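In: sharing a model that was predicted from the sequence below.
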Amino acid sequence: MMRRLLPMLLLMSTLPAIAQAPPAPNPDEPVHQALRQLKATMAKALNERDLNTIVANVTPNVVFTTMNGDVCHGPAEIRAYFDKMLNAPGHIVKNLTVSFEADALTDLHGGDTGIAYGSSNDHYELTNGQVFDIHGRWSCTLVKEGDRWLIANFHYSANVFDNPILNKTKQWATWAAVGAAIVALLVGFFVGRRTRRA
């Protein structure tokens, strides 16, 4: 009897060890770690207005589609766009803080190309005094050149039907309509009084 139970007891004693075995390591983890670092580097550079770091991490023929629909082709156009928005005379943005989050691991293709996508929570302070937060969506194509991953395409967008700028525009339109109605009532009242007197 003991001879029959002994192998069974030995098998049962190994079950917890089998159940707690760590998952097999992802062979692409070093790549994903490098891409996470690139994401953090670009967010930090944008928050600090470090245009040199931004253009140093894109390809020579990069395409960047901005939230306001501008399209920049190449590092020089990206630099000019951010300079226009953040630094140049008449610039619109006083301060900007971004935080990029990926929805999933980058889809890797052939070992030297990746497609990533996710969301961003951005805080804007404009030179006209407006302050608002935008929840954006982004997608990015990355390519490996030598031992470095670079951004070849970046597309940024926001919900055109529900965003702070649209909501403020709606508020302004509502207040303008109310103001116009009040003016019309006052004009009608005074014109009516003058007509009755005449």
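Out: Arrived safely. The model shown is predicted, which means the values in this text are computed figures rather than measured ones.
In: and the helix or strand residue 140 falls within, which residues are buried?
Out: Using DSSP states H and E, residue 140 falls within strand 131-145. Neighbour-count burial for strand 131-145 flags 134, 136, 138, 140, 141, 142, 143, 144 (criterion: 16 or more other Cβ atoms under 10 Å). All C-beta spots, glycine's among them, are computed from the backbone N, C-alpha and C.
In: partner strands of it, parallel or antiparallel?
Out: For strand 131-145, the paired strands and their directions (DSSP bridges) read strand 113-126 (antiparallel), strand 148-158 (antiparallel).
In: same list, these, but as JSON lines with mean neighbour count and mean pLDDT please.
Out: Converted to JSON lines, the strands paired with strand 131-145 look like this (neighbours: other Cβ atoms under 10 Å; pLDDT from 0 to 100):
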{"stretch": "strand 113-126", "mean neighbour count": "16", "mean pLDDT": "95"}
{"stretch": "strand 148-158", "mean neighbour count": "17", "mean pLDDT": "96"}
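In: could those strands go into JSON lines alongside distance to residue 44?
Out: Shown next, in JSON lines, are the strands paired with strand 131-145 (distance: least, Cβ to Cβ, whole Å):
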{"stretch": "strand 113-126", "distance to residue 44": "14"}
{"stretch": "strand 148-158", "distance to residue 44": "15"}
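In: closest to residue 27 out of the ones you listed?
Out: strand 113-126 (14.7 Å; Cβ to Cβ).
In: who touches that closest one?
Out: 31, 35, 39, 92-104, 106-109, 130-144, 149, 156 (Cβ atoms under 8 Å, 6 or more residues apart in numbering).
In: circling back to that earlier point, need the buried residues of strand 131-145 in CSV with distance to residue 63, can you?
Out: Below are these laid out as CSV (distance: Cβ to Cβ, whole Å):
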residue, distance to residue 63
134, 22
136, 18
138, 13
140, 11
141, 9
142, 13
143, 12
144, 18
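In: show me the helices in this protein, by range?
Out: With helices called from DSSP state H, the chain shows them at 2-19, 29-47, 51-56, 75-86, 164-197.
In: what about the fourth one, distance to the chain center?
Out: Same thing as helix 75-86. For helix 75-86, the distance from its own C-alpha centre to the chain's C-alpha centre is 18 Å (Cα atoms, centre = their mean, to the nearest Å).
In: name the residue closest to the centre of this protein, please.
Out: residue 120 (3.1 Å; Cα atoms, centre = their mean).
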